[in-house]
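**Q** I'd like to go over a predicted model; first the sequence, then the structure.
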Amino acid sequence: MEERITTSGVAEKKGEFLVAKRLPGGPLSEKWEFVGGKNRWGESVPDTLKREWMEELNLEVEVKEHLLDTEFTYKETHFTLVCHKVEIIGGDIKLSVHQDYKWVDKEGLKLLDFGKSDGVIRDWIIERYKFSS
C-alpha cells in the first residue's frame, strides 16, 4: 500500500478558527475542513502548507507549532495527516476549491459537517486547543 503525507493548517484569531467548505463533487463534497493538502514528493510539511494555503485561499501563512497527526486510508493509499497551527501573514481570501469560508469559535465547530479526518482535528481543538495569550 502506498503511503503519503497530507497536511492541515489551523488558523486561529481571537478564539475563532478559519474553516472552508469544499465545492460539490469529490470525496469531501460540501464538507468543512481546515485548509491544507497533499504533500508533493520531497516537499517539507511547512512548504506544503504554505503552497496549499496560497493555492486554495490566496493567503500567505507562517507555519507554527505541530498540533497533532491522524491517519486514514483512501483508495489503497495510507495517509498521515499532519496538522500545524498557521498564522496568516498576507493576502486576501479568494476561493478556488471551496464555496464558502468562515471564522467560528469552538461551539461553532461542533455545528459544521466535517470530513472524517478533519473531524478528528475539530474534536482535538474542542478538547485540547490552547489559545494564544
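**A** Done, it's in. Residues are numbered from 1 along each chain as shown.

**Q** neighbours around R128, how many?
**A** Counted by other Cβ atoms under 10 Å, the residues lying close to R128 total 9. All C-beta spots, glycine's among them, are computed from the backbone N, C-alpha and C.

**Q** Tell me both backbone torsions, phi and psi, for it.
**A** Note on R128: backbone dihedrals following degrees, to the nearest 10 are phi -130, psi -10.

**Q** Let's verify I126: helix, strand, or coil?
**A** I126 carries the three-state label helix when classified by DSSP: H, G, I helix; E, B strand; the rest coil.

**Q** I meant I89, not that one.
**A** The three-state assignment at I89 reads strand, by three-state DSSP.

**Q** got a pLDDT number for it?
**A** In the predicted model, I89 carries a pLDDT score of 98.

**Q** Look up how far M54 lies from it.
**A** I89 sits 11 Å away from M54 when distances are taken as Cβ to Cβ, to the nearest Å.

**Q** The two - which one has more neighbours?
**A** Legend: neighbour count by other Cβ under 10 Å for I89 and M54, higher for M54 (15 against 9).

**Q** Find the residue closest to the more buried one in space, skipping its chain neighbours.
**A** The shortest distance from M54 to any residue that is not its chain neighbour, by Cβ to Cβ, 6 or more residues apart in numbering, is 6.4 Å, and that residue is E60.

**Q** re earlier: please enumerate the shared neighbours of I89 and M54.
**A** When contacts are counted by Cβ atoms under 8 Å, 6 or more residues apart in numbering, I89 and M54 have E60 as shared neighbours.

**Q** Now do the contacts for the residue nearest the centre of the chain.
**A** Geometric centre of the chain, nearest residue: F34, 2.6 Å, by Cα atoms, centre = their mean. Contacts for F34 (Cβ under 8 Å, 6+ apart) come out as 8-10, 17-19, 83, 118, 121-122.
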